[in-house]
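1. the sequence isn't on hand, but the structure is:
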DNA sequence: ACAGTTGGTTGTAGTCGTACAACTAATTGA
DNA sequence: TCAATTAGTTGTACGACTACAACCAACTGT
């Protein structure tokens, strides 16, 4: 496998180019937000909330922290999802102030649908030679592993 | 260099995992929008407009197409950038209806500043082994090349 | 027991972006 | 020449998100 630099040699420069490239790929060429929002008929923050909740029930407080939105707006978002029958609030057994928000079966389906849309890789990635795809897979997995959760 | 799949073997599955990983990396872990907006004191669409114009003068119409916003809002955005002294409108020599928008020297500086912020790669990418970084560079460059401009 | 804190809700106000309608000025084509 | 089109501007209305203030109910520590 060729590993010579594409243009520049300095690691900083290369890393910068790689990063700009990744941003272009994800943000400029293959943004799927509109697509999911249209498909589910809701704003992206609601989609994010739904997917987050599908990953596991959470309190309002934790959901707010995950989405980086404040408590009042979390109420608005969850109210809306609840009205649609996609999530349900339950009182926390150990703290009656707190609510645990769970996805309903229908919410589960909607979240999975969103995941599917967001997961569809752009054709260029699918068209990658097997070796490159495997290398990319290994590197990206590593990049995610060495960070946060 | 190891090229064995990280988990699954099917190319579709691998491509899906890679794509989700790239999205997570760019959108969830290292979103720089807020940072640039704070630094330049303007909304992200204005930053986008400025960077686009810094890449070369354009008519209002073309700028609107680039940013995927409608004509009236383009006027609002360019008005704002012009009030800040970052861009200037000139009448198109061959069509007096049309305006050509150019960045001023100050606009040029602001755009470069935005580029710098957006280009700073996350530490994990900088920490990549030289071989992986080179491979990533080559693959990403290829991915961008096989698509649009 | 009770002051202080926390989880959640309600309401209000402001910004940002989207979508139209309506208009002027300039250009184009029959 | 003149109707139709195009480039840009102005204005208006709306939805989505942000940020506060104020509030209630429930919990905590002393």
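-> Now that the structure is in, tell me what you want to look at. Please read all numbers here as calculations on a predicted model, not as lab measurements.
2. so what's the closest residue to residue A:32 other than its chain neighbours up against?
-> Excluding its sequence neighbours, the residue lying closest to residue A:32 (Cβ to Cβ, 6 or more residues apart in numbering or on different chains) is residue A:118, at 5.3 Å. All C-beta spots, glycine's among them, are computed from the backbone N, C-alpha and C. With contact taken as Cβ atoms under 8 Å, 6 or more residues apart in numbering or on different chains, residue A:118 is in contact with A:32, A:36, B:20, B:23.
3. residue A:114: how many residues sit nearby?
-> 24 (other Cβ atoms under 10 Å in any protein chain shown).
4. my guess is it contacts residue A:39. True?
-> Yes. Using Cβ atoms under 8 Å, residue A:114 is in contact with residue A:39, at 7.4 Å.
5. what's the neighbour count on residue A:131?
-> Here the neighbour count serves as a burial measure; for residue A:131 (other Cβ under 10 Å) it reads 13.
6. where's it, which helix or strand?
-> Under the criterion DSSP states H and E, the helix or strand holding residue A:131 is helix A:130-145.
7. dig out what residue A:87 forms beta bridges with.
-> Here residue A:87 shows beta-bridge partners residue A:103, assigned using DSSP bridges.
8. residues touching it, list them.
-> Taking Cβ under 8 Å, 6+ apart as the contact definition, residue A:87 lies against A:50, A:53, A:78, A:81, A:101, A:102, A:103, A:104, A:107.
9. turn the residues you listed into TSV, columns for distance to DNA strand D, pLDDT and neighbour count.
-> As requested, the contacts of residue A:87 are exported to TSV (distance: Cβ to the nearest atom of the strand, whole Å; pLDDT from 0 to 100; neighbours: other Cβ atoms under 10 Å in any protein chain shown):
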residue	distance to DNA strand D	pLDDT	neighbour count
A:50	12	98	26
A:53	16	98	25
A:78	12	98	23
A:81	11	98	24
A:101	17	98	23
A:102	19	98	16
A:103	18	98	23
A:104	20	98	16
A:107	17	98	22
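10. for DNA strand C, state which of these is nearest.
-> Comparing the contacts of residue A:87 against DNA strand C with Cβ to the nearest atom of the strand picks out residue A:78 as the nearest, at 5.9 Å.
11. returning to that earlier point: ok, the residue nearest to residue A:32 to residue A:33 distance?
-> 9 Å (Cβ to Cβ, to the nearest Å).
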